[in-house]
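K.L.:
got a sequence here, can you model it:
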Amino acid sequence: MEDNNLKYWVAWSQVRKIGAVRGGRLLEYFGDMEIAWKANLPELVASGLDAKLAEEIIITRSEINPDKELQKLDKEEIKVCRIIDTDYPPLLKQIFDPPYLFYYKGDLSCLNKTCLAIVGARLATAYGERATHDLAADLASNGLTIVSGLAKGIDAIAHEATLGVNGLTAAILGSGLDLASIYPSDHRHLANKIIRAGGVVISEYALGTPPLPQNFPLRNRIISGLSVGTLVIEGKESSGSIITAKCALEQGRDVFAVPGSIYNSASSGTNKLIDQGAKLVVKAEDVLTELNLNEERKFIDKTPPKYDNKEEELVGQILGQENLHIDKIAQLSKLNISVLSGILTIMEMKGLIKELNGKTFALTK
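P.N.:
Modelled structure (predicted):
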């Protein structure tokens, strides 16, 4: 389809009340977005729009210049992918409400690889940051494209860790993709790094769209929709990361979660996901095995794990004598039980120790 028609697709995205579902219905009814754009009031109503909305559209589209919208895209070097295009991601097309169009910068072909979403809290704990870095780096090293939302906290760490191992990552925005609209603004440099590294930054929102709160739950369905599974690392029960997990479940995709301390509300959502059947993840192999991707692995670090701080070394020394229950380790180490719980989980994730049963731990031989 020629660019002369593309401009009408872009123009429709500027009509605020025409989202994925209504846009899809217009395309299905008219078969062509130019014909839909030029339709009169009775024709718009016949397509399934209520009369009041159809009247609003007639007024709104008189204020939109399709040619100028294309010029804005050219100026920002932003590309468009339509649901009719051959490079539209197949997994995304399968969801209930795929965007009829989205904007992107970078290389869409990174989505041809197996994609895994990694999401979590904006206010991440040190434990969450460490778990995200290690898991994202290992999964990306094994050939997965890591999909996340460019937000502060877990999302940004997942992107950065992927880039750190020369992996591919995709960022999905809840704002416009033009430079002035990218949110958060201090992650513009991260978006550029993703693009330069062969990844992609995507938004279904028109240029100039601010980061409105209602945009993000809708954005989350794209994060999960592009991915074979979603891994949640920290999140309260009502957080955006849990919404993403719910989107994944509704889309028939796998959900994974990293366990956290029962004393920290940052992990209340992930612990509940595990209780409800999400796959518990402490290492990259847990995800690869569940997705039957072990044969595709390019790299698994076989070097002996090392202690990264004095607390880990202390726990290692204590467990070097015998296998012990967490309460006994706390007594001997004089570490707070909630702090110790996080340390033990990190050490288990790194392969330093293993849990035998009933909160009894042993060094990994």
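K.L.:
quick one, helices of the stretch 251-365 of the chain?
P.N.:
Secondary structure of the stretch 251-365 of the chain (DSSP state H, counting those that start in this stretch): helices at 268-275, 284-290, 310-319, 326-333, 337-349.
K.L.:
so which of those is nearest residue 136?
P.N.:
With respect to residue 136, and counting by C-beta to C-beta, the nearest of the helices of the stretch 251-365 of the chain is helix 284-290 at 9.1 Å. Glycine gets a C-beta too; all of them are placed from N, C-alpha and C.
K.L.:
which strands or helices does that closest one pack on?
P.N.:
Applying 3 or more C-beta pairs under 8 Å, 6 or more residues apart in numbering; DSSP states H and E, one finds that helix 284-290 contacts helix 126-141, strand 229-233, strand 254-257, strand 279-280.
K.L.:
most tightly packed of these?
P.N.:
strand 229-233 (a mean of 29; mean count of other C-beta atoms under 10 Å).
K.L.:
could I get the helices of the stretch 251-365 of the chain in TSV, plus columns for mean neighbour count?
P.N.:
Converted to TSV, these look like this (neighbours: other C-beta atoms under 10 Å):
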stretch	mean neighbour count
helix 268-275	20
helix 284-290	19
helix 310-319	16
helix 326-333	16
helix 337-349	19
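K.L.:
so can I have TSV of those helices showing distance to residue 261 and mean pLDDT?
P.N.:
Output for the helices of the stretch 251-365 of the chain, formatted as TSV (distance: least, C-beta to C-beta, whole Å; pLDDT from 0 to 100):
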stretch	distance to residue 261	mean pLDDT
helix 268-275	9	90
helix 284-290	19	92
helix 310-319	15	89
helix 326-333	12	92
helix 337-349	5	87
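K.L.:
nearest to residue 53, out of those?
P.N.:
Residue 53 lies closest to helix 268-275 among the helices of the stretch 251-365 of the chain, at 36.0 Å (C-beta to C-beta).
K.L.:
pull the contacting residues for residue 231.
P.N.:
116, 117, 118, 119, 135, 256, 257, 258, 281, 287 (C-beta atoms under 8 Å, 6 or more residues apart in numbering).
K.L.:
quick check: the fourth one touching residue 229?
P.N.:
No. Contact status for residue 119 versus residue 229: not in contact, 11.4 Å apart, counting by C-beta atoms under 8 Å.
K.L.:
on that earlier part again, from the contacts of residue 231, pick the one nearest residue 40.
P.N.:
residue 117 (42.2 Å).
K.L.:
close enough to count as contact, residue 10 and residue 70?
P.N.:
Yes. Using C-beta under 8 Å, residue 10 makes contact with residue 70 at a distance of 6.1 Å.
K.L.:
okay, the two: which has more neighbours?
P.N.:
Taking other C-beta atoms under 10 Å, residue 10 and residue 70 do not tie; residue 10 has more neighbours (25 against 19).
K.L.:
quick one: the more buried one and residue 263, what's the gap?
P.N.:
Separation of residue 10 from residue 263 (C-beta to C-beta, to the nearest Å) stands at 50 Å.
K.L.:
ok, now residue 217?
P.N.:
From residue 217 to residue 263 the distance is 29 Å (C-beta to C-beta).
K.L.:
so who does residue 215 touch?
P.N.:
Each residue near residue 215 by C-beta under 8 Å, 6+ apart is listed here: 174, 175, 205, 209.
K.L.:
mind doing that once more with 10 Å?
P.N.:
Contacts for residue 215 (C-beta atoms under 10 Å, 6 or more residues apart in numbering) come out as 173, 174, 175, 176, 183, 203, 204, 205, 209.
K.L.:
so what's residue 278 scoring on pLDDT?
P.N.:
As predicted, residue 278 sits at a pLDDT of 91.
K.L.:
now for it, how many residues are close by?
P.N.:
Under the neighbour criterion other C-beta under 10 Å, residue 278 is assigned a count of 24.
K.L.:
and residue 106, what are its bridge partners?
P.N.:
Under DSSP bridges, the beta-bridge partners of residue 106 are residue 200.
K.L.:
picking up where we left off before, for the contacts of residue 215, work out which two are farthest apart.
P.N.:
Spanning the widest gap among the contacts of residue 215 are 183 and 204, at 14.2 Å by C-beta to C-beta.
K.L.:
more neighbours: the two, which one.
P.N.:
A side-by-side neighbour count of residue 183 and residue 204, using other C-beta under 10 Å, places residue 204 first with 27 against 20.
K.L.:
roughly how far does the spatially most central residue of the chain sit from residue 64?
P.N.:
The residue lying closest to the centre of the chain (C-alpha atoms, centre = their mean) is residue 148, at 2.6 Å. Taking C-beta to C-beta as the measure, residue 148 falls 32 Å from residue 64.
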